[in-house]
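Novice: my questions concern the predicted model and sequence given below.
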Amino acid sequence: MALTRNQIIASAAATLEILEVLGNADTPLALGAVVAATGRPKGTVHRMLSTLVNTGFARQDPGSGRYGLTLKAWRIGSKAVRDLDLVKHALPVLDGLMAEAGETVHLAVLDPSGGTVYVAKVESPQSIRVQTRLGQLNPAWCTATGRSLLAFNEEVAERVLAHPLERRTPRTITDRKKVREKLAEVRMRGYAVTLAENHPEMGGVAAPVRDYTGAVVAACGIAIPAFRMQPAVVERAIPSVLRAASAISAALGHSRLNSRSDARAA
């Protein structure tokens, strides 16, 4: 339900926005970087960062002066993840998928922003592997897990495609018509494959996960270093990912008997 302006405490909303900026950054941020990310006045941002530091959600490095999150923020977020039945059901399946594929595997969900967030992963034991982190926010239109989610969430997809699409690598598809064609392929095939669209050295294969109603609530996938992502590797990965997505869906109460109605709904 949308909130009216009278129901929102502006300062609290702005502070939470800064918390999110810090959480999405790969490294601690300088004050100027937070100001640039939020578009808010420097003095206001400084006071809000000081509030987060004093309440224990953020810390300021005494040497560089940069700001980053503390484990207090992680503890709150991890509680939400632990409470997800989705993750509990998925982890044993992800373990099996990683053992079969030998690559890092993920479970991702849609974020309200239109991106995707990793809520579970099992890391490959290989020395060269895709490096990711739980809670990481990724673009949806140019990743395999993202396309697996957007393909079955039309409202979110249209919201994402209403904005210019960033060219993250030379291979990133930024033409909205072509992205829509890719999403249609996912609906038809039941899986997504991307190579070096979000990161030049990474690719992936993913498939949608459905709950007991048939709604797509997550995507599971294999993340593969680009140099290992040969056609034969992809061909072997596709049925493995489809089986894993089906197993997680079944654990959530989705029945194969729903498949035809799922297809009609898509």
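Specialist: Noted; the coordinates are in hand. Residues are numbered from 1 along each chain as shown.

Novice: what comes up buried for stretch 109-118?
Specialist: Across stretch 109-118, burial judged by 16 or more other CB atoms under 10 Å covers Val109, Leu110, Gly114, Gly115, Thr116, Val117, Tyr118. Backbone N, C-alpha and C define where each C-beta goes, glycine included.

Novice: please apply the same query to stretch 245-257.
Specialist: Under 16+ other CB under 10 Å, the buried positions of stretch 245-257 are Ala245, Ser246, Ala247, Ile248, Ser249, Ala250, Ala251, Leu252, His254.

Novice: so where's the stretch 151-266 of the chain shaky on pLDDT?
Specialist: Across the stretch 151-266 of the chain, residues meeting the criterion (pLDDT under 70) sit at 255-266.

Novice: just the helices from it, written as ranges.
Specialist: Counting by DSSP state H, counting those that start in this stretch, one finds helices in the stretch 151-266 of the chain at the ranges 154-161, 176-189, 231-251, 259-265.

Novice: pop the domain breakdown of the chain in here.
Specialist: Per the record, the chain has its domains at 5-75, 84-265, by automatic domain parsing.

Novice: among the helices of the stretch 151-266 of the chain, which is the most enclosed?
Specialist: With neighbours defined as mean count of other CB atoms under 10 Å, the helices of the stretch 151-266 of the chain peak in mean count at helix 231-251, which reaches a mean of 18.

Novice: can you give me the angle that one makes with helix 176-189?
Specialist: Helix 231-251 and helix 176-189 are oriented at 70 degrees to each other (axes from the mean of the first three to the mean of the last three CA atoms, to 10 degrees).

Novice: re earlier: between the helices of the stretch 151-266 of the chain, which one is nearest to Ala207?
Specialist: Of all the helices of the stretch 151-266 of the chain, it is helix 231-251 that lies closest to Ala207, at 3.8 Å by CB to CB.
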